[in-house]
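sequence first, predicted model second:
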Amino acid sequence: MTEVSQSLIPESQLLEAMNAHELLARLFTDAHTAYTFTEEPVTDEEVHAAYDLAKWAPTGVNGQPLRVAIVRSGAAKRHLLDALPRGNREQAEGAPLVLVCGAKMDFHHDLPSLHPRGERYEKLLADNDKMRTVMAHTSATIQVAYLILALRAQGLETGPMNPDDAQLLHDYFFPGEDIEPILVINVGHPGTDAYQERGPRVGYDEVFREPQVNA
Ligand SMILES: Cc1cc2nc3c(=O)[nH]c(=O)nc-3n(C[C@H](O)[C@H](O)[C@H](O)COP(=O)(O)O)c2cc1C
């Protein structure tokens, strides 16, 4: 059995009980952003199990720049709330777990241990700040998307939010590290009136186009 399929053995008995159709519904068609949460805690094991799935996300040169601060309560929670737009604080305050997701901007130094040609890419990216910045942001964002799906696979609900004061988040949660906070995710079990009305999705024909040059 591969490491991949082992990480699918739950902890979460939910996965075992679902057929493929139900699982796809949970991850995609029925999945909703949550705005309120119960007090039921999110365990370290659940977060760990979610990362064991999310870590398989594709990233530029396999750089895996995502770094995550786990916030539950106390002074950490108060600093987190100060960094959010006022309209979003209540949602975060009511979440038993909030993940502060950041992009490690100097991820190129990790490449020698992550990619077969990592030393070459480390040098290339050291000389190209623009390429490195774009790659850190896009790769970390893809990892965040996988993390949201993986948390949903554990039976948890998520509420992603952009921070207002990324500098404050950096200084408190990633001091001394070259990590840029990109997104905050509330995590927990759905509370009262947890979901807002579903907004429409942009259709296939609007999103996809086939350039004339294909003809
Ligand atoms: C990057 C990102 C930023 C978001 N920022 C906020 C936010 O600041 N405040 C908020 O209430 N919801 C925020 N949301 C939640 C979205 O409004 C929500 O995911 C979207 O409307 C889809 O809702 P649904 O999952 O219920 O269909 C954000 C979502 C994402 C992915």
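Thanks, I have the structure now.

touching, residue 35 and residue 91? I think so.
Yes: between residue 35 and residue 91 there is a contact at 5.2 Å, judged by C-beta atoms under 8 Å. In this view, the C-beta of every residue, glycine as well, is placed from N, C-alpha and C.

what's the overlap in contacts for these two?
By C-beta atoms under 8 Å, 6 or more residues apart in numbering, residue 35 and residue 91 have these common neighbours: residue 159.

where does residue 167 land in three-state SS?
Secondary structure, DSSP: H, G, I helix; E, B strand; the rest coil: residue 167 is helix.

now for residue 162, how many residues are close by?
12 (other C-beta atoms under 10 Å).

that one and residue 183 touch, don't they?
Yes: look at residue 162 against residue 183 with C-beta under 8 Å: they come within range, at 6.4 Å.

what pLDDT does the residue positioned nearest the centre of the chain get?
The centroid of the chain falls nearest to residue 144 when counting by C-alpha atoms, centre = their mean (2.3 Å). What the model reports for residue 144 is a pLDDT of 98.

distance of it from residue 181?
Distance, residue 144 to residue 181, by C-beta to C-beta, to the nearest Å: 11 Å.

shared neighbours of the two, anything?
In contact with both residue 144 and residue 181: residue 101, using C-beta under 8 Å, 6+ apart.

how about the residues of this protein by the ligand?
Contacts of the chain with the ligand, taken as C-beta under 6 Å from any ligand atom, map to 32-33, 88, 160-162, 183, 195-196, 198-199.

how about the residue nearest to the centre of the chain, nearest residue that isn't a chain neighbour?
residue 101 (5.1 Å; C-beta to C-beta, 6 or more residues apart in numbering).

below-threshold pLDDT in this structure: ranges please.
1-16, 215 (pLDDT under 70).

where do the strands of it begin and end?
With strands called from DSSP state E, the chain shows them at 66-71, 97-104, 157-161, 179-188.

show residues contacting the shortest one.
Meaning strand 157-161. Outside strand 157-161, the residues within contact range by C-beta under 8 Å, 6+ apart are 32-35, 37, 84-85, 88, 91-92, 95, 144, 148, 151-152, 183-190, 194.

that strand versus strand 97-104: what angle between them?
Interaxial angle, strand 157-161 versus strand 97-104 (axes from the mean of the first three to the mean of the last three C-alpha atoms, to 10 degrees): 50 degrees.

what bridges to the residue of the chain found nearest the ligand?
Across the chain, the shortest distance to the ligand (C-beta to the nearest ligand atom) belongs to residue 33, at 3.5 Å. For residue 33, the beta-bridge partners under DSSP bridges are residue 158.

tell me how many other residues crowd it.
There are 17 residues near residue 33, going by other C-beta under 10 Å.

relative to residue 213, how far out is it?
Counting by C-beta to C-beta, the separation of residue 33 from residue 213 is 38 Å.

the residue of the chain closest to the ligand is in contact with residue 195, isn't it?
Yes: in this structure, residue 33 is within contact of residue 195 by C-beta under 8 Å, at 7.2 Å.
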